[in-house]
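Visitor: Predicted coordinates and the sequence they were generated for:
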Amino acid sequence: MNYTIKQIAEIANAKVIGDKNLVIKNIAFDSRIIYSTKNTAFIAINTHKNSGEKFIESAIDRGIKIIISEHHYPQFENVNWIIVENSVEFIQDLAKYHFGNSHLKSIGITGSNGKTILKEWLYQCLWNEFPTVKSPKSFNSQIGLPLSLLQINDSHKLGIFEVGISKPDEMQKLENIFSPQIGLLTHIGTAHLANFKSEEELIDEKIKLFKDSEVIIFNGDNQLVLNKINNLYSSKKLITYGFKESNQVYFKNLNSKEENLIVKYFDEEISFPVHQRDEATLTNALALVTVLKDLGIENQKIVEKINTLKAVEMRLEAIEGIKSNIIINDSFNLDLDSLKTALQFLNEYNKSKKSLVLTDIFDVNFNSKELYEEVSDLVNEQKFDSVFLIGNEISNFSDLFKSKTYTFINTQELIDSKHLTELENQIILLKGARKFEIEKIKDLLELRKHDTVLEINLNALLHNINYHKSLLKPATKMMAMVKANSYGLGSYEISEFLQHHHIDYLGVAFVDEGVELRKKGITVPIVVMNPEQHSYDTVIEYNLEPEIYSFRVLELFYAAVQKSGFDKKYPIHIKLETGMHRLGFKEYELDQLSETLNKMNVKVQSIFSHLSSSDIPEEKEFTLNQLETFEKNSSYLIKKLRYTPIRHILNSSGITSYTDHQYDMVRIGIGMLGESPNSEIQKQLQSVVSFKTVISQISLVENGESVGYSRRFKADHNTKIATIPVGYADGIPRLIGNQIGNVGVNKRLAPIVGSICMDMMMINIDHIPNVKEGDTVTVFNAKPTLKEFAEYCKTITYEVLTSISPRVKRIYVKD
Ligand SMILES: *Cc1c(COP(=O)(O)O)cnc(C)c1O
């Protein structure tokens, strides 16, 4: 976009305070990830859950000079305001106007699953055919779609946008803003079905997007979808794809073992190699081919493009580097948009020194001078300490970069220069086009080289938090339990992420855990569930809030408060015993407790208890009893205290099963990691943790030969066996050897054979085709799931996670 404030005010009927002639090219809505302030306005979006106006100050601190808001805050000086009636309607109206005046060909993707993957695949195939704009990440909502549309500028010839809905009537609103020429409907599944009366109603709503489309491409395997689209849109060009041969586009040899699959597209055949053959990948591939054909791309080119598609690696990973560096490695292809995403990601870390490695950029939307001017402007705003440019083209423009800048012809030259290994305590962003093989730099700078990793997907974690929040009242607070190193995943990394996303409280088990978080800069209130008596001084020194569960603890702690000279009321949390019989005050102690508390200079911040069996449906009666005891005893205590602390009792499965008892706060733990005992809820959650390794060696074990210590596996026919570098020292219990446990290879289960060794184990891959040394093995994530893995181990998911040894490298990924 490119509008003056005056134009915007006219389009949206808004009031302006300040300079009407300033130009706006970008709108930022999240003050934390503003990576550029040039021609950027911040919009304070108010939804029923949240007010963006809280963040106006931090946007201004970051250098923003234009604010779009429902209210004017005159205390901020030198800021220009666009005052709108309703922030959400404003952004929608502006996007509608902007899209309506654009001249690009548009593709709108909707459906329950696969929208983001298909969008990214289409983009990877088309970005070098047409100047293309797409939704960032999975921006597809009532706010995300308008923000995506506003990225369109005059040079774009093609736009690929996701459109997502979760409630009735939402599509109608979005269609009014955006009506794509090509409509693409992916799979319809049960996601969001809860908000609709039936699948039929969900389909009716989704297909409203195609009201004004010229072409509709959709999965014809679903009979209901097929009937509805055929009836409603018979006058349009309709193309169906799917596994059934009744579709116009399908696989001719789906069940064959041949390396190449043949797509039948009307009368034509297109053949290409397909390695990953799960249902989702295959249907997405059909949709992809159909759209590419419809856009007139030649068959041979389609095959070439599909061959270069990598698994959608749109991800940025943050890795611990040597010399206390953090390496951000972005393996997605490099254009201006993806550079912006990477800079946003970088801005979430507070390291004072940063460096950038950047290669030639391929972006058909610009000529190279314009392109590198834009790039250098963006880069200059980030104030890198050093910038390393790789490639002839970008090196020609090195004068545009204001930091200390070095140029190299290729990646090897930079590595040989030894500049990189001198960097210390920095955040280093690696951003390169594929052909520069910038992963070599990652290998060089990475701290521990281990093929075995525990990968933690922070987007999925946030999704799970938001899912649980969606069940609660907007005002209910949330405490995230990050005890035991966040269930083994890394308490600082998770806490920092949660703090960034405005979690209200954190909960740790012991004081040391809280101290570590404070030392690393976590400022959110932290409750210590089990403050040991020698640690009370430290609790106070680090501004932690103790759980108080007995008179002994109360008195000892209060003595420490008095000794410390703390002169305000110290915040504490009173734990009530309601049936778990672990820690807590009992009913008969409440009178004495309230009298004691009223005499002390403390503030009861909260009163809480813990459910012992909220995950067990058979114990519902017991749980309701606990809840009743809590209601009675907490109310009694509050009456005696003469002020009202907040109350909380629900853990993750409590949130989903006993939502009515949410009080003022809930405490989420395993639920944010994507685990629920309830299979319906489980479907709504995303898996956060993935424990992966690679195959070290494959051997053919002949009939009669044995595998491993004590010869506990003997082959009864010639058998293909793979060795993987994880063992009981990594936290895999030895008891799941001997074909009790399985790991995943190419999305199939491979049984563990023989005894598990300290650092290795062997798996049977005889039944799995196309496995090579170096291939990835999933100890758990999708197949087997964490829950299945826990079942092999005869334990619960909590214990599996907290048993994974610290030597397994944790990496954190975000989109
Ligand atoms: C660990 C813990 C939780 C979280 O339990 P989940 O079952 O993981 O949700 C909540 N409250 C307390 C007191 C805890 O110790």
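Guide: Looks like it arrived, so ask away.
Visitor: Would you indicate which residues of stretch 508-528 are buried?
Guide: If you call a residue buried by 16 or more other Cβ atoms under 10 Å, then stretch 508-528 has these buried ones: 508-509, 511, 513-517, 522, 524-528. C-beta here means a position set from N, CA and C on the backbone, and glycine is covered the same way.
Visitor: scratch that, stretch 455-472
Guide: With burial defined by 16+ other Cβ under 10 Å, the residues of stretch 455-472 counted as buried are 455-465, 467-469, 472.
Visitor: Grab the CA positions of it and hand them over as PDB.
Guide: The C-alpha trace of stretch 455-472 is given here as PDB (Å, rounded to 0.1, in the frame of the first residue of the first chain):
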ATOM      1  CA  GLU A 455      12.600 -29.700  19.000                       C
ATOM      2  CA  ILE A 456      10.100 -27.400  20.700                       C
ATOM      3  CA  ASN A 457       7.600 -25.700  18.400                       C
ATOM      4  CA  LEU A 458       6.700 -22.400  20.100                       C
ATOM      5  CA  ASN A 459       3.900 -21.600  17.600                       C
ATOM      6  CA  ALA A 460       2.200 -24.800  18.600                       C
ATOM      7  CA  LEU A 461       2.700 -23.900  22.300                       C
ATOM      8  CA  LEU A 462       1.000 -20.600  21.700                       C
ATOM      9  CA  HIS A 463      -1.800 -22.200  19.800                       C
ATOM     10  CA  ASN A 464      -2.400 -24.500  22.700                       C
ATOM     11  CA  ILE A 465      -2.400 -21.600  25.200                       C
ATOM     12  CA  ASN A 466      -4.800 -19.800  23.000                       C
ATOM     13  CA  TYR A 467      -7.000 -22.800  22.600                       C
ATOM     14  CA  HIS A 468      -7.300 -23.100  26.400                       C
ATOM     15  CA  LYS A 469      -7.900 -19.400  26.700                       C
ATOM     16  CA  SER A 470     -10.700 -19.600  24.200                       C
ATOM     17  CA  LEU A 471     -12.600 -21.800  26.700                       C
ATOM     18  CA  LEU A 472     -12.200 -19.300  29.500                       C
END
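Visitor: Is the ligand within reach of it?
Guide: No. Applying Cβ under 6 Å from any ligand atom, one finds stretch 455-472 separated from the ligand by no less than 9.5 Å.
Visitor: got the contact list for the residue of the stretch 601-750 of the chain found nearest the ligand?
Guide: Across the stretch 601-750 of the chain, the shortest distance to the ligand (Cβ to the nearest ligand atom) belongs to Gly669, at 2.2 Å. Counting by Cβ atoms under 8 Å, 6 or more residues apart in numbering, Gly669 makes contact with Ala480, Met481, Tyr487, Asn651, Ser652.
Visitor: Of all the buried residues of stretch 508-528, the one with the weakest confidence?
Guide: pLDDT across the buried residues of stretch 508-528 is lowest for Ile522, at 89.
Visitor: wouldn't His722 be in contact with Ile695 here?
Guide: One thing to correct before we go on: residue 722 is Ala, not His. Yes. Using Cβ atoms under 8 Å, Ala722 is in contact with Ile695, at 4.6 Å.
Visitor: Show me which residues of this protein sit near the ligand.
Guide: Residues of the chain lying near the ligand (Cβ under 6 Å from any ligand atom): Met481, Lys483, Met529, His610, Asn651, Ser652, Arg667, Ile668, Gly669, Ile670, Gly671.
Visitor: now those: which count as buried?
Guide: Using 16+ other Cβ under 10 Å as the burial test, the residues of the chain next to the ligand include Met481, Lys483, Met529, His610, Asn651, Ser652, Arg667, Ile668, Gly669, Ile670, Gly671 as buried.
Visitor: Name all residues that make contact with the fourth one.
Guide: His610 sits next to Lys575, Thr578, Met580, Arg582, Gly584, Ile649, Asn651 when contact means Cβ under 8 Å, 6+ apart.
Visitor: before we move on, what about the third one?
Guide: When contacts are counted by Cβ under 8 Å, 6+ apart, Met529 is found next to Lys483, Gly507, Val508, Ala509, Glu547.
Visitor: Please tell me how far it sits from Val387.
Guide: Look at Met529 and Val387: by Cβ to Cβ, to the nearest Å, they are 46 Å apart.
Visitor: do the same with the last one
Guide: As for Gly671, its distance to Val387 is 42 Å (criterion: Cβ to Cβ).
Visitor: list the helices and strands the host helix or strand of Gln7 packs on?
Guide: Counting by DSSP states H and E, the element that carries Gln7 is helix 5-12. Under the contact criterion of 3 or more Cβ pairs under 8 Å, 6 or more residues apart in numbering; DSSP states H and E, helix 5-12 touches strand 15-17, strand 80-83, helix 87-100.
Visitor: Please identify the buried residues of that helix?
Guide: Per 16+ other Cβ under 10 Å, helix 5-12 contains these buried residues: Ile5, Ile8, Ala9, Ile11, Ala12.
Visitor: quick one: it to chain centroid distance?
Guide: Here helix 5-12 is found 35 Å from its chain centre; the criterion is Cα atoms, centre = their mean, to the nearest Å.
Visitor: Give the burial count for the residue lying closest to Lys632 once chain neighbours are set aside, as a bare number.
Guide: The shortest distance from Lys632 to any non-neighbouring residue, by Cβ to Cβ, 6 or more residues apart in numbering, is to Glu587 (8.0 Å). Glu587 is flanked by 14 other residues according to other Cβ atoms under 10 Å.
Visitor: Wasn't Glu424 part of a helix?
Guide: No. Counting by DSSP: H, G, I helix; E, B strand; the rest coil, Glu424 is not found in a helix; it is coil.
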